[in-house]
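# Show me the folded form of this:
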Amino acid sequence: MRYFKYNRIDYSQDPQIREEYNALLKKEKNEIKKDKMWTRLSLLISTVVLIVYIFVFVAVLIVIPTPNGLLAGVLVEGLKLVHTMVFIPIGIWIAYWVIYPSLEQKFHANYTRTINKYITNSCPALMSYYELEEPYIVTKCYDSSERDFKNQDICLFIVNNELRIATVLVNGFFNMERNIDCYAYMRYELALTQIKNKKPSKYELRSGETYFVLDKNAKKFFDAHFWVNV
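Predicted coordinates for the structure are as follows:
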């Protein structure tokens, strides 16, 4: 394993690099706006599902008759209360811990695909500057032992059979004002394991004490391009 930083883009005097950088920055800002809109839509859909769930649940409780007998009436009302205390939290969990993250991940994948396509088609000078070549993927890092990678988009790419993991900053993939952090690993240095009981599926990429929590898109990338011929 080795760690290094790509030099800030403003260290380069190449006009084509600067032109591509400015165009990419504008493109990514537009895509980030769309991504935030889809995130809000995911939250709205999840909330609507929860409201419908609660409405149906309450309607079912209302139509259940309460017996005339005191003991039977208390028993039925008690069961209604118990069901409410159990099923309302279940509904909240389904809405915000199952439906919302699934939708958010699906919509965010559209954003990363758009950026991937744009970089490949429109940024040859930038790709050369950062030694970025296909295959590569921009994907989400949900957690990491490294602070700058937590809850960030990152770039995974391969150079001479070496996997490189670089930060992707929110205000532009290749940021003019900062160096780009990068970790580089050979195959034998890494282990990829699925994290149990995580929905949507999450995977931990680990080398010693350093780890990155990634999604299924990263898993597909590794299976197709990095673990092959091992």
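# Name the nearest residue to I165, ignoring sequence neighbours.
Closest residue to I165 apart from its sequence neighbours, by CB to CB, 6 or more residues apart in numbering: Y183 at 4.7 Å. Every residue, glycine included, has its C-beta placed from N, CA and C.
# Could you report the neighbour count for the one you found?
Number of residues near Y183 (other CB atoms under 10 Å) recorded here: 21.
# cool, and L50?
L50, neighbours per other CB under 10 Å, totals 19.
# any idea which residue of the protein is furthest from its center?
G69 (55.0 Å; CA atoms, centre = their mean).
# any idea how far the residue nearest to F107 when sequence neighbours are not counted is from L50?
Nearest residue to F107, sequence neighbours excluded (CB to CB, 6+ apart): W38, at 3.6 Å. To L50, W38 is 19 Å away according to CB to CB, to the nearest Å.
# again with V63
21 Å.
# Any idea what the spatially most central residue of the chain is bridged to?
Closest to where the C-alpha atoms of the chain average out (CA atoms, centre = their mean) is K140, at 3.7 Å. Note on K140: beta-bridge partners by DSSP bridges are D153.
# Next one: it from S46, what distance?
Taking CB to CB, one finds K140 at 18 Å from S46.
# Tabulate the CA atom coordinates of stretch 215-228 in PDB.
Output of stretch 215-228 as PDB, limited to C-alpha atoms (Å, rounded to 0.1, in the frame of the first residue of the first chain):
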ATOM      1  CA  ASP A 215     -21.800  -0.200  -2.500                       C
ATOM      2  CA  LYS A 216     -22.600  -2.900  -4.900                       C
ATOM      3  CA  ASN A 217     -21.400  -0.800  -7.900                       C
ATOM      4  CA  ALA A 218     -17.900  -1.000  -6.500                       C
ATOM      5  CA  LYS A 219     -18.300  -4.700  -6.000                       C
ATOM      6  CA  LYS A 220     -19.200  -5.200  -9.600                       C
ATOM      7  CA  PHE A 221     -16.200  -3.000 -10.700                       C
ATOM      8  CA  PHE A 222     -13.800  -5.200  -8.700                       C
ATOM      9  CA  ASP A 223     -15.300  -8.400 -10.000                       C
ATOM     10  CA  ALA A 224     -15.100  -7.300 -13.600                       C
ATOM     11  CA  HIS A 225     -11.800  -5.500 -13.600                       C
ATOM     12  CA  PHE A 226      -9.600  -6.100 -10.500                       C
ATOM     13  CA  TRP A 227     -10.100  -9.600  -9.200                       C
ATOM     14  CA  VAL A 228     -10.000 -11.200 -12.600                       C
END
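# ok, and for it, which residues are buried?
215, 217-219, 221-222, 225-226 (16 or more other CB atoms under 10 Å).
# Over to C182. Which of the three states is it?
strand (DSSP: H, G, I helix; E, B strand; the rest coil).
# and the closest residue to it other than its chain neighbours, helix, strand or coil?
In space, and not counting its chain neighbours, C182 is closest to A166: 4.3 Å by CB to CB, 6+ apart. Classification of A166 using three-state DSSP returns strand.
# ok so, going back, can you check the pLDDT for the residue farthest from the centre of the chain?
pLDDT, G69: 79.
# Point out where the chain drops to low pLDDT.
10-12, 168-178, 228-230 (pLDDT under 70).
# all helices of it, in order?
In the chain, the helices defined using DSSP state H lie at 15-63, 70-93, 100-122, 124-129, 216-221.
# Out of those, which is closest to S145?
Among the helices of the chain, the nearest to S145 by CB to CB is helix 216-221 (16.2 Å).
# about what we covered before: what spatial separation is found between the residue nearest to I165 and V63?
Counting by CB to CB, the gap from Y183 to V63 is 59 Å.
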